[in-house]
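Visitor: Provided below are the primary sequence and the corresponding predicted coordinates.
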Amino acid sequence: MSAENSNPAPAFRYAAVTFDCPDPAELARFYGDALGLPVAFSTDDFVLLGQDGAAGLGFNRLADYRRPTWPDPAQEKQAHLELGVDDLDDAETHLLSLGAVKPGHQPDPDRWRVLLDPAGHPFCITTLV
């Protein structure tokens, strides 16, 4: 460590990822049901899902939110979740019943499936290796 930088670096830990959306409560309900996560904090404009000591998922109201148009690049996705599952067909059926939508374009449906959450964010389900 140099004399110029003798202070130790602060400790960082992954706390959450937050998605912009038009309706935080709706998106939190979808992911809470899908992942079995409780609401840890909630206001009209923000909902955080998570459990004590674990990373969470946040949902932030954005007034001019524009849905991703994947696979059309007109409004690109900014990020997406990868969810590991034991059975693709069972997981897909369950997520569709919660409000997910399955787009027609599926790059490799035998290995993973792309679904869209209620706010249009693409996410993938994949079999655990």
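Guide: Everything's here; your move.

Visitor: So the residue positioned nearest the centre of the chain versus Gly36, what's the distance?
Guide: Closest residue to the average C-alpha location of the chain: Leu81 at 4.8 Å, with CA atoms, centre = their mean. Using CB to CB, to the nearest Å, Leu81 is found at 15 Å from Gly36. In short, each C-beta sits where N, CA and C put it, glycine included.

Visitor: quick one: the helices in the protein?
Guide: 24-35, 88-98 (DSSP state H).

Visitor: Can you give me the domain boundaries for the protein?
Guide: Domain assignment for the chain by automatic domain parsing gives 14-63, 70-129.

Visitor: Now the residue nearest to the centre of the chain: closest residue in space, sequence neighbours ignored.
Guide: Nearest residue to Leu81, sequence neighbours excluded (CB to CB, 6 or more residues apart in numbering): Phe123, at 4.3 Å.

Visitor: Report the distance from stretch 80-94 to the chain centre.
Guide: Chain-centre distance of stretch 80-94: 13 Å, with CA atoms, centre = their mean, to the nearest Å.

Visitor: so where is this protein shaky, pLDDT-wise?
Guide: 1-5, 10, 12, 129 (pLDDT under 70).

Visitor: 50 instead, please
Guide: 1 (pLDDT under 50).

Visitor: so which of the helices of the chain comes closest to Thr127?
Guide: helix 88-98 (5.9 Å; CB to CB).

Visitor: Give me the contact list for that closest one.
Guide: 30, 33-34, 83, 85, 102, 109, 112-113, 115, 125-127 (CB atoms under 8 Å, 6 or more residues apart in numbering).
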